[in-house]
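Chemist: how does the following fold in three dimensions:
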Amino acid sequence: MQPFNIRPDKLVQEMTDYSQKLGKSIQNLMNADEIDSGVTPRVEVYREDKLVLYRYKAPGDVVQNKTPLLIVYALVNRPYMADIQEDRSTIRNLLAQGQDVYLIDWGYPDEADQALTMDDYINGYIDRCVDVIRKRHQLEQINLLGICQGGSFSLCYTSMHQDKVKNLVTMVTPVDFKTPDNMLSAWVQHVDVDLLVDTMGNIPGEMLNWTFLSLKPFSLTGQKYFGMVDMLEDEEKLKNFLRMEKWIFDSPDQAGETFRQFIKDFYQRNGFLKGGIQLGDKEVDLKNITCPILNVYAEQDHLVPPDASKVLKGMTNSKDYEEISFAGGHIGIYVSGKAQAVLTPAISTWLANR
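Modeler: Okay, here's the model as predicted:
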């Protein structure tokens, strides 16, 4: 075994260089402005309880699709991931492609929201937001884009309100919650959800966030910080890094009753495949969906494996079903350069053609 040959002068130089980089990084951190939550101008058009419905402002010279698009995001994270920075904004690119974009911001549930059910969210909040948009545009139907859990909610909604949905786009949306490669599902199968909710009430967002991070502990909690000093020398890269860190740790609490039903009916019982999902006086049946569907999944998704999404094909009565496979992960599908260059225009073209 050869001994390490470390020259003292080289070691001193490397330590000096590192100290200078560290000093520059610390200075950039001290000078960093407050990190924004979304970058595209928007206006509030409706508010109810914690929820706010926003309409985004399109460039003045872009011809908009006459059918508006409502984005339904997951409850577990904040929706500004879809608008994280100027050159990595799904929303901004949808606007540039001619879509008239609305988005539901669920806000931050507190103890007053503990009893909210999935029926309240889907047949209540989502349905009233859809009606607001329909009334504003004097239309019978609008387009829906559901992201992750918001995609599952959008499938439920469309199955019960098909008359109000013209086209449905699902992104990284779980449908089969028990695929063999779904580590999150494997973990939750034996959790006593009733005991958890009855004990805690609302489920802390921080607890769920660390659960997600622990699915890939090295890359998500360690590896990304190793080269941070080099990256933080660049003020623009620093700003982008801090935006992502803010989003990762900006996790709202979950309304207890909605969490209870979502885990039990979807993860533990696999309700889309097994049936029996009851929301109020309505039962979810994906066969009720007849509108065109575009299903977008990510090939390296560790939260929603591709097979968990692709099973949607054949589960509805849509005569117009298409899939887009994205060579990336669960987050990259919103923020990567490739997604912005290829995926968002493809979604817009699909919508425009219908």
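Chemist: strands of the stretch 51-200 of the chain, residue ranges please.
Modeler: 51-56, 69-72, 101-105, 142-147, 165-171 (DSSP state E, counting those that start in this stretch).
Chemist: the stretch 251-354 of the chain too?
Modeler: So, for the stretch 251-354 of the chain - with DSSP E, counting those that start in this stretch - the strands run 278-279, 282-283, 293-298, 321-326.
Chemist: highest mean neighbour count out of those?
Modeler: strand 293-298 (a mean of 24; mean count of other C-beta atoms under 10 Å). In short, each C-beta sits where N, CA and C put it, glycine included.
Chemist: and the average pLDDT for that one is what?
Modeler: Mean pLDDT, strand 293-298: 96.
Chemist: ranking helices and strands of this structure by mean pLDDT, which lands last?
Modeler: helix 217-218 (a mean of 48; mean pLDDT, DSSP states H and E).
Chemist: ok, now which ones touch residue 159?
Modeler: 284-289 (C-beta atoms under 8 Å, 6 or more residues apart in numbering).
Chemist: what's the closest non-adjacent residue to it?
Modeler: Closest residue in space to residue 159, ignoring its immediate chain neighbours: residue 288 at 4.5 Å, by C-beta to C-beta, 6 or more residues apart in numbering.
Chemist: and that neighbour, how many neighbours?
Modeler: 15 (other C-beta atoms under 10 Å).
Chemist: before we move on, back to that, dump the strands of the stretch 251-354 of the chain to JSON lines, plus distance to residue 107.
Modeler: Compiled in JSON lines, those are given as follows (distance: least, C-beta to C-beta, whole Å):
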{"stretch": "strand 278-279", "distance to residue 107": "21"}
{"stretch": "strand 282-283", "distance to residue 107": "25"}
{"stretch": "strand 293-298", "distance to residue 107": "26"}
{"stretch": "strand 321-326", "distance to residue 107": "29"}
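Chemist: looking at the ones you listed, spot the one closest to residue 141.
Modeler: strand 293-298 (14.2 Å; C-beta to C-beta).
Chemist: got the angle between the closest one and strand 142-147?
Modeler: 20 degrees (axes from the mean of the first three to the mean of the last three C-alpha atoms, to 10 degrees).
Chemist: got a list of contacts for strand 293-298?
Modeler: Strand 293-298 is contacted from outside by 167-173, 304, 306, 309-310, 312-313, 316, 318, 320-326, 328-330, 332-333, 343, 347, 350-351, using C-beta under 8 Å, 6+ apart.
Chemist: the residues you listed, buried ones only, as a ChimeraX selection?
Modeler: Applying 16 or more other C-beta atoms under 10 Å to the contacts of strand 293-298, the buried members can be selected in ChimeraX as follows:
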select :167,168,169,170,171,172,173,304,306,309,310,312,316,318,321,324,326,328,329,330,332,333,343,347,350,351
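Chemist: now, which of the contacts of residue 159 sits nearest residue 252?
Modeler: Closest to residue 252, out of all of these and judged by C-beta to C-beta, is residue 284, at 24.1 Å.
Chemist: quickly note the distance from that closest one to residue 292.
Modeler: Residue 284 is 19 Å from residue 292, where distance means C-beta to C-beta, to the nearest Å.
Chemist: please apply the same query to residue 76.
Modeler: Going from residue 76 to residue 292 by C-beta to C-beta gives 28 Å.
Chemist: for residue 277, same thing?
Modeler: Distance, residue 277 to residue 292, by C-beta to C-beta: 23 Å.
Chemist: show me what contacts residue 254?
Modeler: Per C-beta under 8 Å, 6+ apart, neighbours of residue 254: 75-76, 109, 202-203, 205, 208.
Chemist: mind saving the C-alpha coords of stretch 170-183 as PDB?
Modeler: Only the C-alpha atoms of stretch 170-183 are listed here, as PDB (Å, rounded to 0.1, in the frame of the first residue of the first chain):
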ATOM      1  CA  THR A 170     -51.800  14.500 -14.500                       C
ATOM      2  CA  MET A 171     -48.100  14.900 -13.600                       C
ATOM      3  CA  VAL A 172     -46.100  12.500 -11.400                       C
ATOM      4  CA  THR A 173     -49.500  11.200 -10.100                       C
ATOM      5  CA  PRO A 174     -49.800   8.000  -8.100                       C
ATOM      6  CA  VAL A 175     -52.600   5.700  -9.200                       C
ATOM      7  CA  ASP A 176     -51.300   2.300  -8.100                       C
ATOM      8  CA  PHE A 177     -50.000   3.000  -4.500                       C
ATOM      9  CA  LYS A 178     -48.600  -0.500  -4.000                       C
ATOM     10  CA  THR A 179     -46.000  -1.000  -6.800                       C
ATOM     11  CA  PRO A 180     -43.100  -3.200  -5.600                       C
ATOM     12  CA  ASP A 181     -40.600  -0.300  -6.000                       C
ATOM     13  CA  ASN A 182     -42.600   2.200  -3.900                       C
ATOM     14  CA  MET A 183     -40.500   2.500  -0.700                       C
END
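Chemist: good, wrapping up.
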